[in-house]
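Peer 1: After the sequence you'll find the predicted model.
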Amino acid sequence: EVQLQASGGGLVQAGGSLRLSCAASGFTFDDYAIAWFRQAPGKEREGVSCISHADSRRTYFEDSVKGRFTISEDDAKNTVYLQMNSLKPEDTAVYYCNAEKSTAWGKLSYWGQGTQVTVSS
């Protein structure tokens, strides 16, 4: 069964850190772009960070998290991590991981179930 499992969320004070994990089962991340999105209450889902295997593992970050968040991966564990430092209350959201790639038959896209991050002031 193809599955993405997101974990690592929690409650943290402003200035603290969390590390989110996105573990894949049933497939490997080869040729996929792995992205983290977040959705705060009453807001649309937004992209936070991405690592692209189709682009030499280039990484991308949304402007508000640049310098605070990093994205990395452990190939042996088929897991991508989002290290979040200097957290702010506005980082509070449900965080989702997504794996997507293009094929000759269209896009393959998988979503994790979401993990809650709450940053208190």
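Peer 2: Noted; the coordinates are in hand.
Peer 1: all helices for the chain, in order.
Peer 2: With DSSP state H as the definition, the chain shows no helices.
Peer 1: Can you pull up the most central residue in it?
Peer 2: Taking CA atoms, centre = their mean, the centroid of the chain lies closest to residue 36, which sits 2.5 Å from it.
Peer 1: Tell me how far the closest residue to that residue other than its chain neighbours lies from residue 39.
Peer 2: Distances taken as CB to CB, 6 or more residues apart in numbering put residue 48 closest to residue 36, at 4.5 Å, once the chain neighbours are dropped. The way it works is simple: take the backbone N, C-alpha and C, and place the C-beta from them, glycine included. Noted for residue 48: a distance of 10 Å to residue 39, by CB to CB, to the nearest Å.
Peer 1: More neighbours: which of the two?
Peer 2: Taking other CB atoms under 10 Å, residue 48 and residue 39 do not tie; residue 48 has more neighbours (24 against 14).
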